[in-house]
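Asker: I'll drop the sequence and a predicted model, then ask my questions.
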Amino acid sequence: MIPVQQVIQGALEAVLRKAPLTREKVAFAWRIVVGPAVDRATSIELRDKVLYVRAKDAAWQREVDRALPLIQKRLTALLGEHAIRR
């Protein structure tokens, strides 16, 4: 038996990877990866395969910095290896 969450995650990854890389797709993946609180406390912009993250204050920036390895891993899973260089 396969857990439902694993099936949903796999389906979401498959659908997102096939879609064109747009600002909306990156924003959606960001919200999925970081959750609603961090999403509300940050703004993102993808330029030349570099994801720029701006936090609303230093405390939120520390949270993003602390979680960066996990965020990168999850974004890569959703968007593909070559979508974001850094």
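Answerer: That came in fine, so what should we check first?
Asker: Endpoint to endpoint, stretch 28-40 covers what distance?
Answerer: Stretch 28-40 has an end-to-end distance of 13 Å (criterion: CA to CA, to the nearest Å).
Asker: Also stretch 43-57?
Answerer: End-to-end distance (CA to CA), stretch 43-57: 11 Å.
Asker: mean confidence score for it?
Answerer: Average pLDDT, stretch 43-57: 95.
Asker: residues making contact with that stretch?
Answerer: Residues from elsewhere that reach stretch 43-57 (CB atoms under 8 Å, 6 or more residues apart in numbering): 21, 23, 26-27, 30, 41-42, 61, 63-64, 75, 82-86. Just so you know, the C-beta spots here come from the backbone N, C-alpha and C atoms, and that holds for glycine as well.
Asker: Recalculate using a threshold of 7 Å.
Answerer: For stretch 43-57, contacts defined as CB atoms under 7 Å, 6 or more residues apart in numbering pick out 23, 26-27, 30, 41-42, 61, 64, 84-86.
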